[in-house]
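Asks: from the sequence below, what's the structure:
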Amino acid sequence: MRGVSSIAWGIAAGMLNLFAFAYAGRSQEIANNPLPTPPGQVVFGRHCASCHDNPSTTNRAPDRRALMRFTPEKIYGAVTTGTMTVPAKDLTDEQKRAVAEYLGGRPLDLVDKGSAENMANHCASNPPFSVQSDDASWNGWGADPANTRFVDRRAAGLSTAQIPRLKLKWAFGFPGGDTAYGQPTVVGGRVFVGSDNGYLYSLDARTGCVYWSFHARSGVRTAPVMAQITAPGPARYAVYIGDLRANAYALDAATGTQLWVEELSDHYTARITAAPALYEGRVYFGISATEEAFSAAPSYPCCTFRGSIVALDQGTGAQLWRTYAIAEEPKPVRKNSAGTQLWVPAGAAIWNAPTVDAKRHVLYVGTGDAYTEPASENSDAVLAIDLKSGEIVWSFQAVPNDSWMVGCVPVATENCPKQLGVDWDFGASPILVRLSTGREILLATPKSGTVSALDPDQQGAVLWSANLSQQPPPNNGEIAFGGAADSQRAYIALEDGRFAAIDLENGKLAWVIRLESLESLGKPTINGEYRTKAGLRFGQSAAVTETPGAVFTGGWDGILRALSTANGKILWQFDTARDFKCVNGVVAKGGSMGGPGVTIANGVVFVPSGYANVGGGMPGNVLLAFSAQK
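Replies: Below you'll find the predicted structure:
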């Protein structure tokens, strides 16, 4: 599963393994898991779980899911001066903070350190927000509804000749952050970007000054999506985001005022990690989860989460429909030797942004692996879903029989699938491409490294497939957050340090280069991940971005590179893994780039640096803006 496997700990570092400790203490299986248990979870398991994981009519304690709906500040207040002061009297302040952050899903911010109002570069004024028809922009995950991640020269405002002259224009630091996983959206001359500290910021694209901030209930990983609100009176615009507690929000783009918020799942592990999609007054959110990160523990009732797509009314947030990737509801099947009830089926989380096909009136999404066996036919698949009804029109399964859980490596338990799969699911959005011949194809790029061109007019029939892997990839896969495409080629970053260009007419390699030397690789990890001798992650997994003549790719080594689309030659590169002087006065540094990609608009290249929520990544908390200088 992209996001809960090698990237499991990347999705919500500090919030995974949610229940493994609390149900029955630290089992030997979890002790063997190389991924660390968050400190707050440990404290909760030892001091809080006996009541909150076993609520009754006598103690009336809210269960853990109910607690996870509160902010860290509210939890901290309850255990320091509120109703939980006495039960928590033996905890140190450090332990109280850890519990608050674990349950709240983001860093504790008692003094609004992350608020725009307290920043040194607060914009002097907030002029009326407007969007002109000819504005250069990058909206959402893929720059367009088809998720091509291609921006033309007019919108980019950047020629190939200017790329070697790119210089740092400004840097913006995320206060208290250590993982920069929010991809920015650029509309109307403003940058909208989320952060692991739970804030969404609105910045001036030219200077980096901050207009406003909005504090969500949990971390904001999704790329924001902007749309005009259909209502009488002057034009107004809304920004749509999701958080790591599966809450969806609509905010006023001019002020950051919350217009509505909806909780889209009551499963305690659910979250929204990918940008929503907008079409004809509806906003579509994919729902993912972290259940497979801890469900191997014999004390955990594995497994009950199913990935889904939820369609909401854009104006009100009212739910219009929900479609589960796995239609069958989980049912009890047996108990393990610890007496814990086990369930099937489960899995097929949706980690990637939906792709809109207006012509065929369908939505395309990639799904995750199954947690239980037999694996659903809709796991590790591309689904075509009717935009109006939510009905699954067709499904293409890239990898069958892939039942997998991160906790089953290296020591399997009774909860684990007997035939453990390969974890080659979809982290990347499907790409809808119109070729130079006028024909449209749908690109599917699973972690296996086998790229397939599907025929959207023939129920996803395979037109061609191209295997980019030189050998069977490890669990973290060969392709992570996906490539970019124009009418002739697709450009794909690979986790083994290579980068490839594919001819879209026939699937043949146009060229392939190596960006990082295999000589730097050390011993593989338990999951078989690519690592350097220093233990750092290796290769390229961040999303690729294309503008005419060049593609941008960020590496786990912290280097941002621009390559020629003609032959892969490096046109420009910049090492982001260092300290930066930020316009908002925040102490910040860059690190690895493993998830969000570059966004480009009006001559400025934006990229977050510090993707550390996967083992081996370098932490960071900065958004960088580059422009061409003479």
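Asks: drop to CA atoms for contacts and neighbour counts, all remaining ones
Replies: Will do.
Asks: moving C-terminal from the helix or strand of the chain with the lowest mean pLDDT, which element do we reach first?
Replies: Least confident element among the helices and strands of the chain, by mean pLDDT, DSSP states H and E: helix 28-32 (a mean of 29). Later in the chain than helix 28-32, the nearest helix or strand by DSSP states H and E is helix 39-47.
Asks: what packs against that next one?
Replies: When contacts are defined as 3 or more Cα pairs under 8 Å, 6 or more residues apart in numbering; DSSP states H and E, helix 39-47 sits against helix 20-24, helix 93-104.
Asks: with distance to Gly188 and mean neighbour count added, can I get these in JSON lines?
Replies: Converted to JSON lines, these look like this (distance: least, Cα to Cα, whole Å; neighbours: other Cα atoms under 10 Å):
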{"stretch": "helix 20-24", "distance to Gly188": "46", "mean neighbour count": "22"}
{"stretch": "helix 93-104", "distance to Gly188": "33", "mean neighbour count": "23"}
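Asks: among those helices, which is nearest Arg64?
Replies: helix 93-104 (7.9 Å; Cα to Cα).
Asks: so which elements touch the closest one?
Replies: By 3+ Cα pairs under 8 Å, 6+ apart, helix 93-104 packs against helix 39-47, helix 64-67, helix 72-80.
Asks: could you export that helix as PDB, CA atoms only?
Replies: This file holds the C-alpha atoms of helix 93-104, laid out as PDB (Å, rounded to 0.1, in the frame of the first residue of the first chain):
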ATOM      1  CA  ASP A  93       4.200  17.300  31.100                       C
ATOM      2  CA  GLU A  94       6.200  15.700  28.300                       C
ATOM      3  CA  GLN A  95       4.000  12.600  28.500                       C
ATOM      4  CA  LYS A  96       0.800  14.800  28.500                       C
ATOM      5  CA  ARG A  97       2.100  16.600  25.400                       C
ATOM      6  CA  ALA A  98       2.900  13.300  23.700                       C
ATOM      7  CA  VAL A  99      -0.600  11.900  24.300                       C
ATOM      8  CA  ALA A 100      -2.200  15.200  23.100                       C
ATOM      9  CA  GLU A 101      -0.200  15.100  19.800                       C
ATOM     10  CA  TYR A 102      -0.800  11.400  19.300                       C
ATOM     11  CA  LEU A 103      -4.600  11.700  19.700                       C
ATOM     12  CA  GLY A 104      -4.800  15.100  18.000                       C
END
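Asks: returning to that earlier point: export the helices and strands packed on helix 93-104 as JSON lines, with columns for mean neighbour count, distance to Gly208 and mean pLDDT.
Replies: Below are the helices and strands packed on helix 93-104 laid out as JSON lines (neighbours: other Cα atoms under 10 Å; distance: least, Cα to Cα, whole Å; pLDDT from 0 to 100):
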{"stretch": "helix 39-47", "mean neighbour count": "21", "distance to Gly208": "34", "mean pLDDT": "77"}
{"stretch": "helix 64-67", "mean neighbour count": "17", "distance to Gly208": "36", "mean pLDDT": "75"}
{"stretch": "helix 72-80", "mean neighbour count": "21", "distance to Gly208": "28", "mean pLDDT": "76"}
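Asks: out of the ones you listed, nearest to Ile431?
Replies: Checked against Cα to Cα, the stretch from these lying closest is helix 64-67, at 35.4 Å.
Asks: who touches the closest one?
Replies: Residues from elsewhere that reach helix 64-67 (Cα atoms under 8 Å, 6 or more residues apart in numbering): 52-53, 75, 103-104, 266-268.
Asks: Trp394: which of the residues you listed is nearest?
Replies: Nearest member of the contacts of helix 64-67 to Trp394, counting by Cα to Cα, is His267, at 26.6 Å.
Asks: mind checking how far that closest one is from Trp138?
Replies: According to Cα to Cα, to the nearest Å, His267 and Trp138 sit 33 Å apart.
Asks: ok, the two, which is more surrounded?
Replies: Trp138 (26 against 15; other Cα atoms under 10 Å).
Asks: which residues sit in contact with that one?
Replies: Contacts for Trp138 (Cα under 8 Å, 6+ apart) come out as 144, 151, 185-187, 599-601.
Asks: most neighbours of all these, which one?
Replies: Going by other Cα under 10 Å, Ile600 tops the contacts of Trp138 with 32 neighbours.
Asks: where along the stretch 451-600 of the chain do the strands fall?
Replies: 461-467, 484-485, 489-493, 498-503, 509-514, 545-547, 550-554, 559-564, 570-575, 579-581, 587-589, 599-601 (DSSP state E, counting those that start in this stretch).
Asks: closest one to Leu251 among those strands?
Replies: That would be strand 599-601 among the strands of the stretch 451-600 of the chain, by Cα to Cα, at 21.3 Å.
Asks: confidence score at the residue nearest to Gly555 when sequence neighbours are not counted?
Replies: Leaving aside its sequence neighbours, Gly555 sits nearest to Gln540 (Cα to Cα, 6 or more residues apart in numbering; 4.6 Å). Here, the pLDDT recorded for Gln540 equals 93.
Asks: now Glu377
Replies: 97.
Asks: if we can go back for a sec, among the contacts of helix 64-67, which has the minimum pLDDT value?
Replies: Asp53 (68).
Asks: and the closest residue in space to Gly173 that isn't next to it in sequence, how many neighbours?
Replies: Excluding its sequence neighbours, the residue lying closest to Gly173 (Cα to Cα, 6+ apart) is Val622, at 4.5 Å. When counting by other Cα under 10 Å, one arrives at 32 neighbours for Val622.
Asks: in the sheet, who's paired with Val622?
Replies: Gly173, Ser609 (DSSP bridges).
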